[in-house]
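Colleague: Got a predicted structure here, sequence first:
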Amino acid sequence: MSQLPPQLTACPVCHEPLEPADNFCGGCGADLSAVPPAPGGSRADDGWRQPDTPVARGADDYRLAPPATAVPAQSPPCPGAGRTCAACRSGMIDNDGYCEHCGHAQPRERDHMEHESAGVAAVTDRGLRHHRNEDAYAVSTTDLPGGPPAVVAVVSDGVSSAARPDEASAAAVAAAHDVLTEALAQGAAPREATHRAIVRAAEAVVDLVTPGHEAREHDRYRQENAPACTIVSAVVTGDLLTVGWVGDSRAYWVPDDRGTQPARLTEDDSWAAQMVAAGLMSEAEAYADERAHAITGWLGADAYEVEPHTASYHPDRPGVVIVCTDGLWNYAESAEQMAAVVPPDARARPLECARRLLSHALDGGGHDNVTVAVLPFPARPEGAGSA
């Protein structure tokens, strides 16, 4: 293994002090074995001459970008020009999101996203422990034939133990949202539209490994660690609230009047829920068990039967619908706990409410990705937004 040249006492990139045995800079991650010795160093005696355009080579002999200070101003930009590393602040970013100089992964667009449109808002965040965000969401409003607009939210949580969970959640959300809004615009009942949307979402996740949805019962793909995710959706149309789900992502009802009872609108497809339903454990006992979050329903090529759950409600008072992944509800599990975190002005300021719920999860530890959508009920007038 290459060792640090004896005359190099500070990193040539960020000037961090170095120890004699350092092969990489502890400050910016620069590969110190790839730094050419200073002129007049020990290699000058063997006839080595620094080229006009310095090129560093790593141990595997791939060409590496030299430190930014050594690149002539007239050099053509490398791929990703205009984007520099957030860690070393000198290397360029490759197409895979890694620094070509120090190798650090860069912040991804999905690490934190927010969106607000008329009557609905959503926030997603990578959290504090995961290296990427495997959740996804879509929120929108869509016109209904001969009636007020419908407000739609779809949230999905990629299964981390499966392959490509971030792709699974993104595919599920895109497919479900497209089908849901199209079906509603064509006059389908919200519950029927929700069912169609989740079925299509399941097909989209299967298509990640078996394009064209050609999987068979004994297809080898079903034996592999196929992409998988959960899904939950909510639709507000007039005085009707409709939810649909597969897995353990949830929807909650929180009324404006906190003197009235909030409610959880979904039932988890999980080991804990099965134990409670069978009368084998109390809810507190089941969710304290290490097996609590083992899901019994999901979207994916290895989910042999996907039967979407749907339910409709007619709330008799104003409030908000909270649609979220377990990255939030792990820190506010019961409806009462969720209502305690939702701010009193949530219906008027849904984006601020979503941010508040995200902060609650991060303050609690942020052990998972966190995604939450907030839908005021009844739907707010077109064009209304957070103050």
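Modeller: Thanks, I have the structure now. For clarity, every value in this text was computed on a predicted model and none was experimentally measured.

Colleague: Which parts of the stretch 51-200 of the chain are strands?
Modeller: Here the stretch 51-200 of the chain has its strands, by DSSP state E, counting those that start in this stretch, at 56-57, 63-64, 112-117, 120-125, 135-144, 147-158.

Colleague: do the stretch 251-387 of the chain as well
Modeller: According to DSSP E, counting those that start in this stretch, the strands that the stretch 251-387 of the chain contains are 263-264, 299-300, 309-313, 319-324, 370-377.

Colleague: Quick check: which of those strands is nearest to Ala172?
Modeller: strand 299-300 (5.6 Å; Cβ to Cβ). In this view, the C-beta of every residue, glycine as well, is placed from N, C-alpha and C.

Colleague: I would like the residues contacting the closest one, please.
Modeller: Here strand 299-300 makes contact (Cβ atoms under 8 Å, 6 or more residues apart in numbering) with 159, 162, 168, 172, 198, 201-202, 205-206, 226-231, 246-247, 306.

Colleague: Now with 7 Å, please.
Modeller: The contact list for strand 299-300 (Cβ atoms under 7 Å, 6 or more residues apart in numbering) reads 162, 168, 172, 201-202, 205-206, 226-229, 231, 246, 306.

Colleague: And stretch 290-299, how far out from the chain middle?
Modeller: Distance, stretch centre to chain centre, for stretch 290-299: 19 Å (Cα atoms, centre = their mean, to the nearest Å).

Colleague: average pLDDT across that stretch?
Modeller: The pLDDT scores in stretch 290-299 average 92.

Colleague: What residues of that stretch count as buried?
Modeller: Buried residues in stretch 290-299, defined by neighbour count with 16 or more other Cβ atoms under 10 Å: 292, 295, 297-299.

Colleague: Just the closest of those to Val236, please.
Modeller: Of all the buried residues of stretch 290-299, Val236 sits closest to Leu299, with 23.5 Å by Cβ to Cβ.

Colleague: what pairs with that closest one across the strands?
Modeller: Cys229 (DSSP bridges).

Colleague: Distance of it relative to Asn133?
Modeller: 18 Å (Cβ to Cβ, to the nearest Å).

Colleague: try Val179
Modeller: Distance from Val179 to Asn133, by Cβ to Cβ: 24 Å.

Colleague: Repeat that for Glu285.
Modeller: 32 Å.

Colleague: again with Ser334
Modeller: Per Cβ to Cβ, Ser334 is found 26 Å from Asn133.

Colleague: who's more crowded, those two?
Modeller: Legend: neighbour count by other Cβ atoms under 10 Å for Ser334 and Asn133, higher for Asn133 (24 against 14).

Colleague: Phi first, then psi, for that one.
Modeller: Backbone geometry at Asn133, expressed as degrees, to the nearest 10, gives phi -100, psi 120.

Colleague: hang on, it packs against Arg110?
Modeller: Yes - Asn133 is within contact range of Arg110, at 4.4 Å (criterion: Cβ atoms under 7 Å).

Colleague: And the lengthiest helix in the chain, how far out from the chain middle?
Modeller: In the chain, ranked by residue count with DSSP state H as the criterion, the top helix is helix 165-185. Taking Cα atoms, centre = their mean, one finds the center of helix 165-185 at 15 Å from the center of the full chain.

Colleague: ok, and what's touching that helix?
Modeller: Outside helix 165-185, the residues that reach it (Cβ under 7 Å, 6+ apart) are 132-138, 140, 142-144, 150, 152, 154, 156-159, 162, 190, 193-194, 196-198, 200-201, 204-205, 208, 227-229, 231, 233, 299-300.

Colleague: the inter-axis angle of it versus strand 147-158?
Modeller: 160 degrees (axes from the mean of the first three to the mean of the last three Cα atoms, to 10 degrees).

Colleague: buried set for helix 165-185?
Modeller: Neighbour counts over helix 165-185 (16+ other Cβ under 10 Å) mark 165-181, 183-184 as buried.

Colleague: And stretch 323-340, by the same measure?
Modeller: 323-333, 335, 338-339.

Colleague: likewise stretch 298-311?
Modeller: 298-303, 306, 308-310.

Colleague: which one of those residues sits closest to Val370?
Modeller: Trp298 (19.3 Å).
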